[in-house]
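S.K.: sequence and predicted structure below; questions after.
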Amino acid sequence: MTLTLHYHPLSSYCHKVLVALYELGTDFRTHHLDFSNPEVQEALKQLWPMCKMPVLVDDARGTNTAESSVIIEYVDTHYPGAEKLIPQDTDHALEVRKWDRIFDLYIQNEMQRIVGDSFRPDDAKDPFGVEQAKGTMLTAYGMLDAHLMGKEWVTGDSFTMADCAAVPALFYGSIMVPTTDFPNVTAYFERLIARPSVARVLSEAKPWFHLFPYLDRMPDRFK
């Protein structure tokens, strides 16, 4: 076994990569990062100076790969599974990458902005920024709802990196900003959580959900 994923089971971007690894059937081990330990933070900085997870270490090829989308492309290229997560067709691949960015930038990052505000001291709260984030997420939901008409997965009939990105974006995102008014998004989310790779990731994260600051908003079926 040459691949080690440095991660935390509660992290949304780690969920994205884990879904991809399980979809590909990749042989890997995990290293659980405990950020309460300063030594762990320092060790992660040696792998990736930005000190963000996940990071994939490949002992066989002597590489450290950071950023969730890049990790997925790395594994899809060097340790491919039965189905490609980034299609060979150039135009299809561009569509996958576009939606991967939409999920990360306009739903997942904005969700994290809202959650992050809960950790701010009372005199440093950013209610205007939180409302901006909610507005961006609702715009993204609307785009996605229209786009999903007649589609099983984000870019068609095949499950791709874009769908991997959708998993944590919609799981955590719908807790913070519900998708109730977007029926195609809601139906798509149900298809996602029924997929074995996704169910496995959420099951593995379950013991850590008590650390999520908005646990009271999380649907009971996931607790």
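M.R.: Thanks, I have the structure now. Numbers count the residues shown, from 1 in each chain.

S.K.: give me the buried positions along whatever helix or strand residue 30 lives in.
M.R.: Using DSSP states H and E, residue 30 sits in strand 29-32. Within strand 29-32, the residues that qualify as buried are 30-31, counting by 16 or more other Cβ atoms under 10 Å. The C-beta positions use only the backbone N, C-alpha and C, and glycine is treated the same way.

S.K.: now swap in stretch 56-70 and tell me
M.R.: Neighbour-count burial for stretch 56-70 flags 56-58, 65-69 (criterion: 16+ other Cβ under 10 Å).

S.K.: can you give me the helices for the chain?
M.R.: Listed in chain order, the helices of the chain (DSSP state H) span 12-24, 38-47, 68-78, 90-101, 109-117, 127-147, 161-176, 183-194, 196-205.

S.K.: distance of the residue nearest to residue 182 when sequence neighbours are not counted from residue 135?
M.R.: Computed as Cβ to Cβ, 6 or more residues apart in numbering, the closest residue to residue 182 that is not its neighbour in sequence is residue 145, at 4.1 Å. Relative to residue 135, residue 145 is positioned 16 Å away (Cβ to Cβ, to the nearest Å).

S.K.: more crowded one of these two?
M.R.: For residue 145 versus residue 135, the count of surrounding residues by other Cβ atoms under 10 Å is larger for residue 145: 18 against 12.

S.K.: flag the shaky bits of the protein, pLDDT-wise.
M.R.: Where the chain drops to pLDDT under 70, the residues are 1.

S.K.: tell me the centre residue of it?
M.R.: By Cα atoms, centre = their mean, the chain has its centre lying nearest to residue 16, at 3.3 Å.

S.K.: who are the contact partners of that one?
M.R.: Counting by Cβ atoms under 8 Å, 6 or more residues apart in numbering, residue 16 touches 68, 72, 164-165, 167-168.

S.K.: from residue 198, how far out is it?
M.R.: Applying Cβ to Cβ, the value for residue 16 to residue 198 is 11 Å.

S.K.: who touches both of those two?
M.R.: Listed contacts common to residue 16 and residue 198 are residue 167; contacts here mean Cβ under 8 Å, 6+ apart.

S.K.: sorry, back to before: minimum distance to residue 221: which of the helices of the chain has it?
M.R.: In terms of Cβ to Cβ, the element of those nearest to residue 221 is helix 183-194, at 9.0 Å.

S.K.: now find how far off-centre that closest one is within its chain.
M.R.: Its chain's C-alpha centre and that of helix 183-194 lie 15 Å apart, by Cα atoms, centre = their mean, to the nearest Å.

S.K.: same question, stretch 184-198
M.R.: How far stretch 184-198 lies from its chain's middle: 14 Å, per Cα atoms, centre = their mean.

S.K.: of all the residues in it, which ones are buried?
M.R.: 184-186, 188-189, 192, 195, 197-198.

S.K.: repeat that for stretch 113-127.
M.R.: Result for stretch 113-127 [16+ other Cβ under 10 Å]: buried residues 113-115, 117.

S.K.: ok, the residues you listed vs residue 30, which is closest?
M.R.: Nearest to residue 30 out of the buried residues of stretch 113-127 is residue 115 (Cβ to Cβ; 23.2 Å).

S.K.: how about that closest one, what does it touch?
M.R.: Taking Cβ under 8 Å, 6+ apart, we find residue 115 in contact with 172, 176, 213-214.

S.K.: distance to residue 93 added to the residues you listed, as a markdown table?
M.R.: Formatted as a markdown table, these follow (distance: Cβ to Cβ, whole Å):
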| residue | distance to residue 93 |
| --- | --- |
| 172 | 26 |
| 176 | 30 |
| 213 | 37 |
| 214 | 35 |
